[in-house]
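Asker: Curious how this folds, go ahead:
(2 chains)
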There are 2 protein chains.
Amino acid sequence: MLRAGVDIGGTDIKIGLIDDLDMKFKPKTIIPYTDDGYETVVEKTAEKIQELLKEAGGELSSIGLAVPGSIDIEKGMVIHAHNLNYHSTPIVSEMKKHFPDLPVLIGNDADCAALGEFCCGAFRGYDTAVILTLGTGVGGGIICKGKLFSGGRKNGVELGHMMLKYGGIKCSCGNLGCVESYCTATWIINEGRRVIEAGRDSLIVKRSEGDLEKVDAKLVIDCAKEGDFEAKAIFDIFVDNLSAAITSINACLDPEIMALGGGVSKAGDFLFTPLREKVREKSFFKIDYNIVQAQLGNDAGIVGACMLFRNGE
Amino acid sequence: MLRAGVDIGGTDIKIGLIDDLDMKFKPKTIIPYTDDGYETVVEKTAEKIQELLKEAGGELSSIGLAVPGSIDIEKGMVIHAHNLNYHSTPIVSEMKKHFPDLPVLIGNDADCAALGEFCCGAFRGYDTAVILTLGTGVGGGIICKGKLFSGGRKNGVELGHMMLKYGGIKCSCGNLGCVESYCTATWIINEGRRVIEAGRDSLIVKRSEGDLEKVDAKLVIDCAKEGDFEAKAIFDIFVDNLSAAITSINACLDPEIMALGGGVSKAGDFLFTPLREKVREKSFFKIDYNIVQAQLGNDAGIVGACMLFRNGE
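Answerer: I've put the predicted structure just below:
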């Protein structure tokens, strides 16, 4: 049976088919996101699904939608997706107009990433697991007792808005000191730019040619890897804050495994080795925690959206 | 069928029987905790259970133990209970020596409090719920999808050691800025004593006659209720920090209901009204959260321990 997964982002829409027998990707494609209304987005997506289906051959049995925002799963509504400017948007019923005979399911994109890792990635074989995606913001998804846990009221969870340093840096949500204020590529970039603005002697200045726009998280992390003092100081603080955020999640959920996704997670052992050590130091049980890189990368949203049908309760 | 519940604390041991048909308490009793070894504690407790059983009449079908510490539920061991000085203590097998034919179950005391509220208290009818007990420390228990959730590795959860102000006040666990460093009776008492030490003009000084030992959380809260400026300032900061801790739990679990236990929760509307308002302000969904006082009070541990048999997975 073929399952369609759609990962709707503010830049592009990723669409793919997975055969749920062998869990292999059938064709997938990317189309640009358009902001001329959700009806248009759904229409274009539906057309692409039909094209992929024709190409793959076979019968489609469900469609899953991954959306970056808070979701009312039962009503099939996007409550708020600020990046897409969707508010109380009935995207499921809109998709059902194009596929009246199929179940259409919806999930938060980080929830879908967790489900994707659970079905086909780093979380296979675990009962309780947490994914954090570290990008512009921090997304998070929870697998609890072998199922996606979308919060007690099923609106999705917001791990990036757990408190880390209450009273600290202002977060996009309006609170002071959320995890998202400290554990993102955005934080690394801002700190890198400060090094330039302060006229420090650092590889960051050289590599960016002093151009603030050229500073991204990878540039700062690369400079840290090469031993640059300023970049290393930024990275060490980042790792320390991230270890505190993970410790907080451990105190609440104590998952068997935790995975990090997003660009920053590509730093590899340079990130994971000190991170595991710091989490061990901070954690209540003083044991080695299972913290790994997410496996599905950019496909996590599509895969998880395809697998939403498995999460029936 | 009668169920026995034992709540082992550092001062006393509470023992009770509940009839699981009508969920009513049969006789209960309290004996002092003795620190001459867990075998003695178990022996004295077993004797008391037999006495209560004789008094009540009827057949005993299980025994549950609530212990303030981290637990290996499957092995029936206390991993660490610092207050009792129990470390890797096989308390379940010790109890089975006295009751070889009965199931003996064990749980963290805050977990038991959550289970008690779920079976017979504030959480009846809810699927996902969180209790925080605010005392010397902060204990926490989670009901997730209609069952006690004792963490992904089943060692209990440590909600008091979630981060609140990472880098802040040193916690008993060694970390800086845990929830437990800010949201306890201990914090209120310390701040009250500071008012005396600083020689401020406050009701706190008058009521305590300037004696630091006489300052407890109730005294400070009573002074705040009467409008004392210094006491009110302490209480307002306490409520604000607690609202941030609750917001963090909402971001992670989004429970349908949250209950507060422990002495501080007895402040009633004076606590709950501003607390709910502040949680609403801080929370991602800007809705009214269901935050209530725990119902079972000092019996929470016994009741939850009695009900551990219901939590089979």
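
Asker: tell me the domain ranges of chain A?
Answerer: A:2-109, A:124-184+A:231-294 (automatic domain parsing).

Asker: Any residues of the stretch 101-250 of chain A in contact with chain B? List them.
Answerer: Along the stretch 101-250 of chain A, the residues adjacent to chain B under the rule Cβ under 8 Å from any Cβ of the partner chain are A:126-129, A:142, A:144-145, A:149, A:151-153, A:155, A:157-168, A:173, A:175, A:177, A:241, A:244-245, A:247-249. (Each C-beta comes from the backbone N, C-alpha and C, glycine too.)

Asker: Pull out the buried members of these.
Answerer: Buried by 16 or more other Cβ atoms under 10 Å in any protein chain shown: A:126-129, A:142, A:144, A:149, A:151-153, A:155, A:157-166, A:168, A:173, A:175, A:177, A:241, A:244-245, A:247-249, out of those.

Asker: Sitting in strands, which of those residues do you find?
Answerer: A:129, A:142, A:144, A:149 (DSSP state E).

Asker: Name the residue closest to the centre of chain A, please.
Answerer: residue A:133 (3.8 Å; Cα atoms, centre = their mean).

Asker: sorry, back to before: now the ones in strands among the buried ones among the residues of the stretch 101-250 of chain A next to chain B in CSV, with pLDDT and distance to residue B:237?
Answerer: Formatted as CSV, those follow (pLDDT from 0 to 100; distance: Cβ to Cβ, whole Å):
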residue, pLDDT, distance to residue B:237
A:129, 98, 36
A:142, 97, 31
A:144, 95, 34
A:149, 94, 33
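
Asker: need the strands for the stretch 1-150 of chain A, in chain order.
Answerer: Ranges of strands in the stretch 1-150 of chain A, per DSSP state E, counting those that start in this stretch, are A:2-8, A:12-19, A:24-32, A:60-67, A:70-72, A:77-81, A:86-89, A:104-108, A:129-134, A:138-144, A:147-149.

Asker: Which one of those lies nearest to residue B:303?
Answerer: strand A:138-144 (24.8 Å; Cβ to Cβ).

Asker: for chain A, what are the low-confidence residue spans?
Answerer: Along chain A, the parts satisfying pLDDT under 70 run over A:312-313.

Asker: Okay, helices next: where are they in it?
Answerer: Using DSSP state H, the helices of chain A run over A:38-56, A:91-98, A:109-120, A:185-197, A:203-208, A:217-225, A:229-253, A:269-282, A:300-307.

Asker: So which bits of the fifth one are buried?
Answerer: Under the neighbour-count criterion of 16+ other Cβ under 10 Å, helix A:203-208 has A:203, A:204, A:205, A:207, A:208 buried.

Asker: Would you agree the second one is in contact with residue A:231?
Answerer: Yes. Taking Cβ atoms under 8 Å as the definition, residue A:204 is a contact partner of residue A:231 at 5.6 Å.

Asker: so what sits against both of the two?
Answerer: Common neighbours of residue A:204 and residue A:231, counting by Cβ atoms under 8 Å, 6 or more residues apart in numbering or on different chains, are A:192, A:195, A:220, A:223.

Asker: Now do the contacts for the last one.
Answerer: If you count contacts by Cβ under 8 Å, 6+ apart, residue A:223 has them with A:202, A:203, A:204, A:207, A:230, A:231.

Asker: list the contacts for whichever residue of the stretch 201-313 of chain A sits closest to chain B?
Answerer: For the stretch 201-313 of chain A and chain B, the shortest gap (Cβ to the nearest Cβ) falls at residue A:254, measuring 3.2 Å. Shown in contact with residue A:254 (Cβ under 8 Å, 6+ apart): A:128, B:151, B:152, B:153, B:155, B:156, B:157, B:158.

Asker: And for residue A:72?
Answerer: Here residue A:72 is in contact with A:78, A:79, A:154, A:155 (criterion: Cβ under 8 Å, 6+ apart).

Asker: same question, residue A:136
Answerer: By Cβ under 8 Å, 6+ apart, the neighbours of residue A:136 are A:184, A:185, A:186.
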